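Student: next one to model:
(chains A and B)
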Amino acid sequence: MPTAIQNLNLTTPTDREIRSERIFNAPRERVWKAMTDPKLIAQWWGRGNKLDVVKFEFEKGGHWRYVEHSDGATHGFEGRYREIKPIERVVQTFEWDGMPGHVIIETMTLEDLGDGRTKLVNHSLFHTTEERDGMLNSGMADGMQQSYEALDKVLAKL
Amino acid sequence: MVRLARGEASISELGEGFEMTLTGLKKHVQILEEAGLVTTEKIGRVRHCKLGPRRLDDVDEWVAAYRAMLNERLDHLEDFLERTKGKD
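Tutor: Below you'll find the predicted structure:
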C-alpha cells in the first residue's frame, strides 16, 4: 500500500533546523532494525547507490562512517553517536566530507502509533557559520591573546 | 575545493590525484577565481591557491542539499520497509 501521501511533512522551524515527520507502514521494531542494522542500512541509506558501511560503532560516543558510490564518485558521511535509546531514539552528529567542519546534529525519534504503523520524527540542527566564525573571532582569538600574554610573562622572568 | 579547505596549495599540488593537464588545471582555477571561490597569488614561480571570499560552504546551499538528500533517504527507507514486509 503506498503511504506517500500521508507522509510528506517537512518543516523548517528556523533556517538552521529541519524537522521531518514520516509515518511508515511498519511496526516500530522493524523500522528500528532497518535503521540500526548495518546490513539493512546498506540497502536503503545510499538512496539507490551502492553504500559501504565502513564504521558502525553503535554505542554512545561510537563512530559511524558510510561511503556512497555514485557515477564513479564517492561521498563519505560520518559522525558519532550521542545518545542511543533502543527502539526509540538515536542522536548523532552528521558530517559530509565535502563540507568539513559543518556538523549537523540529527535526532531520530520513533513513535509507535499502536496500529502497526510507526512515526519517525527526524530533527536536524545545523551548526551555523555565525557560531563557528564567532568562536573563531572571539573565543579562539582571545585564547591566543591570553597564551601570548602568559608567554610574555614567562619570557620576562627568564 | 575540498583540498583547499584543508589549506593553501600550489596548482601542481592541487593536481595530485586528478588526471588533468597543468594547462587544464590552470584554466579550472582561473574559472574558480573569477567566481570568487578561489584566490591565487604568485610567489616566485609558484602560484598559490586558497579559498576565496565567496565560500562554497555557503550554509544555505548546504542546508538545501541536505534537505533534499534527507527526503530522498526517507523515501528509500519507506520503499525498503514495503519491499521487505513479512520477510522477517
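Student: tell me how chain A divides into domains.
Tutor: A:9-127, A:128-158 (automatic domain parsing).
Student: repeat for chain B
Tutor: With domains defined by automatic domain parsing, chain B comprises B:2-51, B:58-88.
Student: and those domains, which one averages the lowest pLDDT?
Tutor: Ranked by mean pLDDT, the domains of chain B bottom out at domain B:2-51, with a mean of 79.
Student: what are the buried residues along the top helix by length along chain B?
Tutor: Counting residues, the longest helix in chain B under DSSP state H turns out to be helix B:59-83. Across helix B:59-83, burial judged by 16 or more other Cβ atoms under 10 Å in any protein chain shown covers B:59, B:62-63, B:66, B:70-71, B:74-78, B:80-81. In short, each C-beta sits where N, CA and C put it, glycine included.
Student: quick check: closest non-adjacent residue to residue A:33.
Tutor: residue A:40 (6.3 Å; Cβ to Cβ, 6 or more residues apart in numbering or on different chains).
Student: run through the bridge partners of the most centrally placed residue in chain A.
Tutor: Chain A has residue A:94 as the residue nearest its centroid, 3.0 Å off, counting by Cα atoms, centre = their mean. Per DSSP bridges, the residues bridged to residue A:94 are residue A:104.
Student: from residue B:40, how far off is it?
Tutor: From residue A:94 across to residue B:40, the span is 33 Å (Cβ to Cβ, to the nearest Å).
Student: also residue A:44?
Tutor: Residue A:44 is 43 Å from residue B:40, by Cβ to Cβ.
Student: show me which of the two is the more surrounded one.
Tutor: residue A:44 (22 against 17; other Cβ atoms under 10 Å in any protein chain shown).
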